[in-house]
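> with the sequence up front, the predicted model follows.
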Amino acid sequence: MDKIKFRQYLLIITYAITLFIALTNLDSVLNVLGKLHSIAVPFIYGLALAYLLNIPYKSFRERVFLKLELKGGSSKKAAVGLSILSTYLLVIVLAAFLFRFIIPQLVSSISQLVQNIPFYLETLENWAVYLDKTFGVEQMIEWYDSDFWTNISDRATELLAQILPYVGDYIVGLTSGIYNWLIGMIISIYLLYGKDTLIIQMNRMTKAFCPEKYFVKTIEISHRANYIFNRFITGNVIDSLIVGIICFIGTSFMQMPFPLLVSVIIGITNIIPIFGPFIGAIPGIFIILIVDPVKALIFSIFILALQQVDGNIIKPRVVGNTVGLPGLWVLVSIILGAGLFGVAGMLLGVPTFALVYSLLRDGVNSRIKEKKDKVLD
C-alpha cells in the first residue's frame, strides 16, 4: 500500500471515529456549540457592522481625507482615524434623528392604532351592513354579524395572556442583544482601523498555504463577492429609502391614515427582492382598511403604481444589474434563503446565489471555450 492511499484511509478512519464520538455525545457537542455561538455572536455583529460601515468609511477616506492620507506617515493614520470618527458620527446623527423624530411618531401611530381598534372594527361592520343593504352581498359578508365581532375582545385578552409570560424572557434577550451589539460596535472600530493590515495578512496566509493558481482564484473570488454584496446592499438600501420617501409624500398628500407608519413598513420591506413589496403592502393596506376602506383601495392602486415606477425606473438606475442573475434564479435564491435562514436569508440569498451563479457560469464558459463552442450568457 503506497503512502497516498494510506493517508486517505487514515483520514477516512479519523473522520469516522470523530463522527461516531460526536453522535454518541450529541448533547455535549450541542452544548459546546451553543457556548461557542454565544461567544461568536459579538464578533459576527462586529464583522457585519464593519462591512456595512465600510461603505461610508471608504467615501470619507477616499473623498474627504484623501489629501491628508497621501502625505503618508502619521498623516495616513490620522486620515484613517478621522474617517472612522466621521463614519460613527454619521451613524450617531442618523440614530439621533430616528429616536428624536421617526420612532416617537411610529410609537404614537401604533398606540393610536391599537387604542382605536374597537372603533375601526365597528366602522368595518357598518361598511359590511351598508354593502349588504346596497348591493345585496350578504353571502359574501356573512362574517360581519358573526361571533368574530363579539369575541374580538376575548381573543385579544387570550392573546395578551399568552404573550405576558414571554415578556421577561424578551427583556433578558433584548438586554443581551444590546450588549452584543455594543461589543460588536467596538470590534467593528478595530476591524475598520486595522482593515489594511488584516487584508495584507490574509493575502500572505493564502499565498503561503495555497498553490499559486488557487491564490489568484481566491483573490478574484473575494473581490467579486465584495463587489456583488457591496453594490447589492448599498443599491437596495438607497432604493428602499427613495421608495419610502415617495410613499410618505404620496400618502400624506392623499391624507391617508398613519402615513409615516405605512411608509416605514413599505420602505423596510422593499429591501427584500420580489416578495418585499407584497410583504409591505399587505399590512399597509390592512392598517388603512380598518380606518377607511375607500382609502385602502386608493392606497392599493398607489402602491401598485409606485412598485411599477420602482421596478422600471428607480431600481434599474440605482441598483442596476449588479447581481447578473436571471429572474428565475432570483426567485429560487429567495425561497431557499428564506427556508434556511428566514428574513436574513431572503436579504442575502440573492447576492450569495449570484456569486455562485457567476462562478459556475465562468467555469462552464471556460470548458465550452476549450471545445470551441459558444459561451453561456
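Received it, and whenever you're ready, just let me know what you need.
> identify the residues contacting residue 27.
By Cβ atoms under 8 Å, 6 or more residues apart in numbering, the contact set of residue 27 is empty. Backbone N, C-alpha and C define where each C-beta goes, glycine included.
> check which helix or strand covers it.
Element membership for residue 27, per DSSP states H and E: helix 26-59.
> pLDDT (mean, whole number) over that helix?
Averaged across helix 26-59, pLDDT comes to 81.
> right, and residue 345 touches residue 353 too?
No. The criterion here is Cβ atoms under 8 Å, and residue 345 misses it with residue 353 at 10.5 Å.
> whichever strand or helix holds residue 204 to helix 26-59, inter-axis angle?
Using DSSP H and E, residue 204 maps to helix 195-209. Relative orientation of helix 195-209 and helix 26-59, computed by axes from the mean of the first three to the mean of the last three Cα atoms, to 10 degrees: 120 degrees.
> send me helix 195-209 as PDB with only the CA atoms.
The C-alpha coordinates for helix 195-209 follow below in PDB (Å, rounded to 0.1, in the frame of the first residue of the first chain):
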ATOM      1  CA  LYS A 195      -8.500  46.700   7.800                       C
ATOM      2  CA  ASP A 196      -5.500  47.300   5.600                       C
ATOM      3  CA  THR A 197      -3.200  45.200   7.800                       C
ATOM      4  CA  LEU A 198      -5.800  42.400   8.100                       C
ATOM      5  CA  ILE A 199      -6.100  42.300   4.300                       C
ATOM      6  CA  ILE A 200      -2.400  42.100   3.800                       C
ATOM      7  CA  GLN A 201      -2.100  39.300   6.500                       C
ATOM      8  CA  MET A 202      -4.900  37.300   4.900                       C
ATOM      9  CA  ASN A 203      -3.300  37.600   1.500                       C
ATOM     10  CA  ARG A 204       0.000  36.500   2.800                       C
ATOM     11  CA  MET A 205      -1.500  33.500   4.600                       C
ATOM     12  CA  THR A 206      -3.400  32.500   1.500                       C
ATOM     13  CA  LYS A 207      -0.300  32.800  -0.700                       C
ATOM     14  CA  ALA A 208       1.700  30.800   1.900                       C
ATOM     15  CA  PHE A 209      -0.600  27.800   2.200                       C
END
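> check which residues of that helix are buried.
Neighbour-count burial for helix 195-209, with 16 or more other Cβ atoms under 10 Å as criterion, is recorded at residue 195.
> what does stretch 348-356 give?
Across stretch 348-356, burial judged by 16+ other Cβ under 10 Å covers 348, 349, 350, 351, 352, 353, 354, 355.
> same thing with stretch 11-19?
For stretch 11-19, it's none, nothing buried (16+ other Cβ under 10 Å).
> what do you get for stretch 95-106?
Neighbour counts over stretch 95-106 (16+ other Cβ under 10 Å) mark residue 106 as buried.
> got the CA positions of stretch 309-318 in CSV?
Only the C-alpha atoms of stretch 309-318 are listed here, as CSV (Å, rounded to 0.1, in the frame of the first residue of the first chain):
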residue,chain,number,x,y,z
VAL,A,309,-42.1,53.0,-11.1
ASP,A,310,-39.6,51.5,-8.8
GLY,A,311,-39.2,48.3,-10.8
ASN,A,312,-38.9,50.0,-14.2
ILE,A,313,-37.3,53.4,-13.4
ILE,A,314,-35.8,53.8,-9.9
LYS,A,315,-34.2,50.4,-9.3
PRO,A,316,-32.5,49.9,-12.7
ARG,A,317,-30.8,53.3,-12.2
VAL,A,318,-29.9,52.9,-8.5
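> what does that stretch rub up against?
235, 238, 239, 242, 243, 246, 270, 277.
> pLDDT of it, averaged?
Regarding stretch 309-318, the rounded mean pLDDT is 80.
> circling back: now do the shared contacts for residue 345 and residue 353.
336, 337.
> pull the distance from the helix holding residue 27 to the chain's centre.
Relative to its parent chain, helix 26-59 has a centroid offset of 16 Å by Cα atoms, centre = their mean, to the nearest Å.
> under the pLDDT cut-off, which ranges of the chain? List them.
Along the chain, the parts satisfying pLDDT under 70 run over 1-6, 113, 116-117, 120-176, 319-324, 341, 343-344, 372-377.
> coming back round to it: what about the buried residues of stretch 348-356, which are in helices?
In helices, defined here by DSSP state H, the members of the buried residues of stretch 348-356 are 348, 349, 350, 351, 352, 353, 354, 355.
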